[in-house]
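Engineer: can you look at this prediction? I've put the sequence above it.
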Amino acid sequence: MSDYVTETVHAERVHGGVIEAEVSGKKVDIDIQRLRKRIPAHCFQPSTMRSLGYVVQDTIIFSGLLTGALYLADQSDGYARLLLCYVAYPCLAGLPLTGLWVLAHECGHGAFSANSFIANLVGWVLHSALLNPYFAWRSSHGRHHQFANNISTDLNYVPPMRQEYSELFRGRVDLDHLVEDAPVVVLLRIIFQQAIGWPWYLLTHITAGPNSSPKKSRGWWDNSHYLPSSSLFRPNEFWSIIASDVGIGLVGAAAYALSQSFGSSTVVWTYLLPVMWVNHWIVMITYLHHTSPSLPKYTPEAWTYLRGALATVDRDPGFLLRHMFHHIIDLHVIHHLFPRIPHYHAQEATDAIKPLLGDYYHVDRSSYFGALWTAFTECQWVEADSEKTAQARVYTKESLDADLGFAKIDPVDVTGVLWYRPGPMPRPATVMRS
């Protein structure tokens, strides 16, 4: 078991996160161990050969698209060639490449193979090929799982609270009478985020919580996934970060060599543009996992591992993306609860715990791209809302105490459960918050 998985289970025991649910007319306490026991044991056992089979499958699909595109490019000219090379092929090729990225992500969780050497080798090769620093991102992503939806220590798309949001506008907005941005502004910001959000995050650690790094940052340059001495990493991770950089360097050298042989424009449209589509999907997938008007965030005092993991939504991106992306979108709740479960067991595991979770299980079957627009227009900052907390199915110490017959109400959780609010978008973040 990887270190961060051990830590997340330990965090749940320390914080005592327990949910009370009703199953077959009886109330039962739900904790991480009870959920685990409901899942068949084989769901936690990855098959190396089966996982490698998906790598082969995605590689074949990408190779077929590349071969067909190269052939058609030789037969085409003018606008038809431009459309093929710079629009159609990169968009389609980005799908199996994103699938490969998801499989490498499973390598980092221990869900690809029980053999850590094989898992890390495959993950390093695949992520390096997609210009992703495997060991560096595995480290920070592990902490995202450990502290998901903690407003202070989470690492992905942590929204500002009321005071911080107001300061971003230097007091020029009235938070009680906000006017949303014009649709064209929203569209441009979506395009901007989707185009450069992923590489900029890797370089600067933007959107992370102010206390998400193991070490104090020495400056804007000290928050990079590519810097072995970065504030993001512990000293014992130094050489693994070097290995990540070496992998990307080797791929960069190979791309340069190919550009010398076949021309830089060919490398751009056959490789770099599809990788940009992968970056788009990574940003969209990650952003929408935990960004929704129906999902809460938590202050450190109110947060537990179980609460954070359940503040996640399963969405339906359609048949093609469900299968090409190995269910990272439609079966993500189970992944946050138990990241060691391979994607090919995720449906069975989800079905096993859904009766226990009941309304605590979040699912959204609306338009996937429509959800992106909703997130941009309705999810700009967060604040406590006791009325919404009371109406929503959010586990709090108060509701548990009430159900168990205790009169004492702990006020921490009332203010510690935070909800998204709409408003104009501030300037894009360029450095990590402090």
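Structural biologist: That came through, no problem.
Engineer: hey, let's count contacts and neighbours off CA atoms from now on
Structural biologist: Noted.
Engineer: so Phe62 is in contact with Leu100, correct?
Structural biologist: No: assessed by C-alpha atoms under 8 Å, Phe62 is found out of contact with Leu100, at 9.8 Å.
Engineer: more neighbours, the two?
Structural biologist: Leu100 (28 against 19; other C-alpha atoms under 10 Å).
Engineer: secondary structure element for the more buried one?
Structural biologist: Assigned by DSSP states H and E, Leu100 falls within helix 89-109.
Engineer: which residues of the chain fall in strands?
Structural biologist: Secondary structure of the chain (DSSP state E): strands located at 19-23, 26-30, 297-298, 313-315, 362-364, 381-384, 417-421.
Engineer: measure Lys215 to Asn156 for me?
Structural biologist: Lys215 sits 18 Å away from Asn156, going by C-alpha to C-alpha, to the nearest Å.
Engineer: look at those two and report which has more neighbours.
Structural biologist: The residue with more neighbours, out of Lys215 and Asn156, is Asn156; 28 against 15, by other C-alpha under 10 Å.
Engineer: apart from its chain neighbours, what residue comes closest to Leu418?
Structural biologist: Spatial nearest neighbour of Leu418, excluding adjacent residues (C-alpha to C-alpha, 6 or more residues apart in numbering): Ala384 at 4.4 Å.
Engineer: ok, that neighbour - contacts?
Structural biologist: For Ala384, the contacting residues are 414-419, by C-alpha atoms under 8 Å, 6 or more residues apart in numbering.
Engineer: can you tell me how far it sits from Pro300?
Structural biologist: Here Ala384 is placed at a distance of 13 Å from Pro300 (C-alpha to C-alpha).
Engineer: can you list residues touching both of those two?
Structural biologist: Overlap of the contact sets of Ala384 and Pro300 (by C-alpha under 8 Å, 6+ apart) consists of Gly416.
Engineer: burial count for Ile282?
Structural biologist: 17.
Engineer: for it, what are its contacts?
Structural biologist: 98, 198.
Engineer: residue contacts, Leu273?
Structural biologist: Neighbours of Leu273 in contact, by C-alpha under 8 Å, 6+ apart: 86, 90.
Engineer: so for the helix holding Leu100, what's the average pLDDT?
Structural biologist: The pLDDT scores in helix 89-109 average 98.
Engineer: next: stretch 212-227.
Structural biologist: Across stretch 212-227, pLDDT averages out at 92.
Engineer: one step back: which strands and helices sit next to the helix holding Leu100?
Structural biologist: Judged by 3 or more C-alpha pairs under 8 Å, 6 or more residues apart in numbering; DSSP states H and E, helix 89-109 is in contact with helix 48-75, helix 116-129, helix 134-146, helix 273-290, helix 319-324.
Engineer: all helices of the stretch 151-300 of the chain, in order?
Structural biologist: In the stretch 151-300 of the chain, the helices defined using DSSP state H, counting those that start in this stretch lie at 162-168, 183-204, 238-262, 264-267, 273-290.
Engineer: so which of those comes closest to Gln391?
Structural biologist: Counting by C-alpha to C-alpha, Gln391 lies closest to helix 273-290 out of these; the figure is 19.3 Å.
Engineer: where does this structure dip in pLDDT?
Structural biologist: The chain contains residues with pLDDT under 70 at 1-29, 393-414.
Engineer: which residue lies nearest the spatial centre of it?
Structural biologist: Thr286 (3.1 Å; C-alpha atoms, centre = their mean).
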